[in-house]
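> Everything below, folded, please.
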Amino acid sequence: MHFDDRLATVLHLPSSGDALARIQYRQLIDILGSLAKDARSAAIEAGFARVIDLSSRIPATDRARLVRQPLQPLTNPRLLALFAEAEPEVAMAAIGIAQLHEDAWLALVPALPVRARGILRHRRDLGARVEALLERLGIRDRGLPPIEKPAANEPAGNENKEQPLDLVDAVDYNEPEPPVAPRVEPATFAGLEQIAAAGRAAVTPADVRGHRVAKAGGDAGAEAGAGIGAIVRRIEEFRKARESHGSTSFASKPGGDAPQLPLGDSSKLATAAIDFATDAEGRINWADGSLASALVGLNLAGLDPSAVEPSPHIQTPYTPRPGLALSMRHRQPLRAIAVDIAGAPAVRGSWQVDAVPHFDPASGRFIGYAGRLRRPGKIAAIDAPPAAEPSEADRMRQVLHELRTPANAIQVAAEIIQQQLYGPAPHEYRALAAAIAGDCAHILAGFEELDRLVKLESGALGIESGESDLASVLAETVSRLKAWTEPRSSGFVLPELGYAPSPVAIERAEIERLVWRIFAVLAGMTAPQEMLPVRLSMESGRVAMRVALPSLLLTRDAQSLFDTPVSERGQSLSTGMFGIGFTLRLAAAEAAAAGGGLQREEDDLYLSLPAAPAAEQAGSRAI
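As a prediction, the model looks like this:
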């Protein structure tokens with residue numbers, strides 16, 4: 001028997017970074033998408049919950065890409081139903097790759113959103129029963145049907161002949177109200193054919209719903225007819241204006257709008273840069289992007305402020321300088337030339353010109369400029385306060401973040417190989433991957449300690465307060481270290497049993513971490529047969545602990561004891577990867593954050609911590 005623990009393994013992987021979240025999302029799609037439709041377990045429920053959580057963090061475009069590229073087809077109806085309720089791109093990707101049995105489709109289709117059914121309608125491999133179900137549910141493609149031309153022997157103005165007009169397909173699938181009957185009388189919608197003939201894009205579902213309401217309500221029909229007539233007149237005005245201007249764009253007319261149907265929609269383009277080319281006379285004959293029609297034909301030399309006075313309504317932080325026309329006449333490069341363009345709102349305003357002259361390679365004749373128009377950046381006020389420089393702690397935390405991301409990715413990739421999540425792997429590769437994953441875990445643990453030290457020393461992190469007994473923590477720590485110290489006949493000499501408790505105002509988990517750092521370092525540096533005495537006392541509202549330093553550390557002074565030499569590496573019993581100096585410095589930072597301190601006093605390491613209120617009332621005593 002084989003126990004499939006892939007889902008539990010994926011759920012235990014970290015997903016803190018963006019890259020890790022995408023990796024886990026892809027893995028969950030592969031695992032959940034291949035499950036049987038009746039599969040149920042706590043891990044499966046947790047997997048679906050994790051998919052929902054990751055969906056709120058990953059953009060829809062990325063999720064659609066991950067859904068579209070699975071290692072195996074999507075065969076789980078539950079996961080498909082979840083994706084069908086997501087954004088349109090995610091729903092289209094999931095429905096496009098789904099491979100369900102016909103019975104599963106028949107059970108799933110009625111529960112899908114109307115929009116997802118419309119997407120499903122474009123598949124041609126669903127089977128006759130599924131097609132019939134979609135037809136019965138009234139799912140068709142969007143858009144108005146084509147206009148049928150009257151027969152040759154039929155008068156063009158025959159308004160009494162009924163012609164079907166399907167309005168169900170024009171209604172938005174997201175609209176909650178039910179669709180109307182597919183056949184209506186054409187007398188009420190006489191203007192719709194004219195609208196469709198003039199421009200099908202102008203007819204919106206909102207217009208059709210307005211006509212449908214007009215059909216249902218008596219006097220309201222006249223108002224709807226007036227609205228249709230207004231739309232028809234506006235389309236006709238647009239057509240006539242376009243014919244009268246010929247090839248000239250609306251955008252080239254000063255103050256004109258961008259070329260679009262005049263239906264009240266305003267252009268919201270915010271292009272920051274446009275590439276262009278000019279002819280030998282300096283007139284733009286090519287431009288890149290959607291605003292090309294607004295710039296083609298513009299004479300750059302005419303933008304010289306010495307020849308053209310800028311429009312008074314244009315406000316720009318840059319002062320156009322004369323000499324643009326002169327530079328163009330001398331075929332000189334243009335560098336950050338400020339110009340003002342008057343035209344359509346999308347191109348009107350201040351620009352910077354950067355361009356170089358081009359010459360014909362064969363004849364050497366000047367053929368024009370090629371360059372770029374850029375919107376000028378905003379200039380900060382002179383009296384604006386300078387931006388605050390990031391502190392050393394902030395920079396260190398940023399570096400740690402940049403280092404932690406690739407280490408996490410390497411660890412995840414190694415664990416995938418070691419656990420054979422994507423297929424069988426040789427045992428040698430699995431062993432190597434396990435070693436790499438262990439090294440990455442050790443590196444990440446070091447990063448966590450370094451990040452903790454930076455936060456503690458910068459004041460961004462504090463020690464959780466509470467109440468715990470320092471004496472009992474010392475006894476437990478020394479007992480845990482006996483596996484290392486007893487074979488060497490070394491260790492610590494604690495005060496005799498029966499001593500009173502020494503409560504400190506620190507949470508027990510925090511004091512256990514602090515004491516372990518100190519005693520693990522000291523135990524790792526003790527020589528054989530070396531015993532280190534430990535003393536506890538109450539001094540002015542503080543619990544004090546003194547422990548003798550090993551002989552190997554007595555050669556270091558008070559400063560170098562907490563330094564981290566470049567050549568020093570972590571000891572076998574040390575809690576960190578940066579050596580004993582770093583570990584003691586981290587312990588000192590934790591003690592300082594708790595309101596105490598850790599320093600060397602003569603041949604002892606002295607730790608002081610704030611006492612709990614019960615211990616302060618007991619007064620000064622020695623143990």
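> Tell me the predicted confidence for E476.
E476 carries a pLDDT value of 92.
> what's it in contact with, if anything?
With contact taken as CB atoms under 8 Å, 6 or more residues apart in numbering, E476 is in contact with E512. Backbone N, C-alpha and C define where each C-beta goes, glycine included.
> And T583, its phi and psi?
Note on T583: backbone dihedrals following degrees, to the nearest 10 are phi -60, psi -40.
> same check, this time on H122
Backbone dihedrals for H122, given as degrees, to the nearest 10, come out at phi -80, psi -10.
> Mind pulling up the pLDDT for it?
At H122, the model reports a pLDDT of 79.
> Tell me how far it lies from G96.
Summarising the geometry, the distance separating H122 from G96, computed by CB to CB, to the nearest Å, is 9 Å.
> With neighbour numbers in mind, choose between these two.
Using other CB atoms under 10 Å as the criterion, H122 and G96 rank with G96 on top: 15 against 10.
> Do a quick rundown of the strands in this protein.
Taking DSSP state E as the test, the strands found in the chain are 273-278, 284-287, 334-341, 349-359, 366-374, 468-469, 491-493, 503-504, 531-539, 542-548, 597-601, 604-610, 621-622.
> looking at these, which is closest to V114?
Set against V114 and scored by CB to CB, those come closest in strand 273-278, at 41.3 Å.
> What count of nearby residues applies to F582?
By other CB under 10 Å, 24 other residues sit near F582.
> which one is it nearest to, not counting chain neighbours?
Distances taken as CB to CB, 6 or more residues apart in numbering put T564 closest to F582, at 4.4 Å, once the chain neighbours are dropped.
> try A39
Spatial nearest neighbour of A39, excluding adjacent residues (CB to CB, 6+ apart): N76 at 8.0 Å.
> Name all residues that make contact with that neighbour.
Contacts were defined as CB under 8 Å, 6+ apart; by that measure N76 touches 32-37, 39.
> filter the residues you listed to the buried ones?
In terms of neighbour count (16 or more other CB atoms under 10 Å), the buried residues within these are 32-35.
> Now that the residue nearest to F582 has come up, it's in contact with G579, right?
Yes. Because the distance of 5.5 Å satisfies CB atoms under 8 Å, T564 is recorded as touching G579.
> nearest to L549, of the contacts of N76?
For the contacts of N76, with L549 as the reference and CB to CB as the criterion, the closest is L32, at 56.8 Å.
> Isn't that closest one up against P77?
No. The pair L32 / P77 is not scored as a contact, 11.3 Å apart, by CB under 8 Å.
> Across the sheet, point out what pairs with S608.
Here S608 shows beta-bridge partners A544, G597, assigned using DSSP bridges.
> burial count for it?
Burial of S608, expressed as a neighbour count using other CB under 10 Å, amounts to 21.
> Next: the one 3 residues further on.
One way to gauge burial is a neighbour count; for A611, by other CB under 10 Å, it gives 24.
> what residues are up against A107?
With contacts taken as CB under 8 Å, 6+ apart, A107 has the following neighbours: P77.
> where are the low-confidence patches of the stretch 1-150 of the chain?
The model of the stretch 1-150 of the chain has pLDDT under 70 over residues 1-5, 70-72, 138-150.
> what about 90?
Under the criterion of pLDDT under 90, the regions of the stretch 1-150 of the chain flagged as low confidence span 1-31, 33-43, 46, 56-57, 61-62, 65-74, 88-89, 91-105, 108-150.
> just the stretch 451-600 of the chain next, same as before
For the stretch 451-600 of the chain, the stretches flagged by pLDDT under 90 are 451-468, 470-472, 483-484, 488, 494-503, 521, 524-526, 536-542, 552-583.
> one step back: kindly indicate which of the contacts of N76 lies nearest Q411.
Closest approach to Q411 among those (CB to CB): L32, at 23.1 Å.
> Which parts of the stretch 301-450 of the chain are helices?
Using DSSP state H, counting those that start in this stretch, the helices of the stretch 301-450 of the chain run over 324-329, 392-418, 427-458.
> circling back to that earlier point, got phi/psi on the residue nearest to A39?
On the backbone of N76 - angles per degrees, to the nearest 10 - the values are phi -100, psi 120.
> still on that earlier bit, and M525, which of the helices of the stretch 301-450 of the chain is closest to it?
Of all the helices of the stretch 301-450 of the chain, helix 427-458 sits nearest to M525, with 18.7 Å by CB to CB.
> Can you spell out which helices and strands pack onto that closest one?
With contacts defined as 3 or more CB pairs under 8 Å, 6 or more residues apart in numbering; DSSP states H and E, the secondary structure elements packing on helix 427-458 are helix 392-418, helix 580-593.
> Pull out the buried residues from it.
Residues of helix 427-458 classed as buried by neighbour count (16+ other CB under 10 Å): 430, 433, 436-437, 440, 443-444, 446-447, 449-451, 453-457.
> before we move on, the earlier item: give the contact list for the residue nearest to F582.
Under the criterion of CB under 8 Å, 6+ apart, the contact list for T564 reads 578-579, 581-582, 585.
> tally of neighbours for P333?
Using other CB under 10 Å, P333 is surrounded by 11 other residues.
> Kindly report the same for R233.
Neighbour number of R233 under other CB under 10 Å is 10.
> Verify the stated contact: G595 with A612.
No. If you go by CB under 8 Å, G595 and A612 don't touch, sitting 11.9 Å apart.
> Mutual contacts of the two, please.
Shared contacts of G595 and A612 (CB under 8 Å, 6+ apart): A505.
> So for those two, which sits in the more crowded spot?
A direct count of neighbours by other CB under 10 Å for G595 and A612 places A612 higher, at 21 against 16.
> Quickly note the distance from M396 to S16.
Here the criterion is CB to CB. By it, M396 lies 19 Å from S16.
> Apologies, that question was intended for S489.
Note on S489: its distance to S16, by CB to CB, is 45 Å.
> just to revisit the earlier point, dump the contacts of N76 to CSV, plus distance to Q411.
Rendered in CSV, the data for these read as follows (distance: CB to CB, whole Å):
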residue, distance to Q411
L32, 23
G33, 25
S34, 25
L35, 27
A36, 31
K37, 34
A39, 29
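> with those in mind, which one is nearest to A344?
Within the contacts of N76, the smallest distance to A344 is 48.8 Å, found for G33 (CB to CB).
> any idea how far the residue nearest to that closest one when sequence neighbours are not counted is from S41?
Residue nearest to G33 in three dimensions, not counting chain neighbours: L74, with 4.3 Å by CB to CB, 6+ apart. When distance is defined by CB to CB, L74 is 20 Å away from S41.
> more neighbours, the two?
When neighbours are counted by other CB under 10 Å, L74 and S41 differ, and L74 comes out ahead with 24 against 11.
> Could you verify my assumption that the more buried one touches I95?
No. The pair formed by L74 and I95 falls short of the contact definition of CB under 8 Å, at 9.0 Å.
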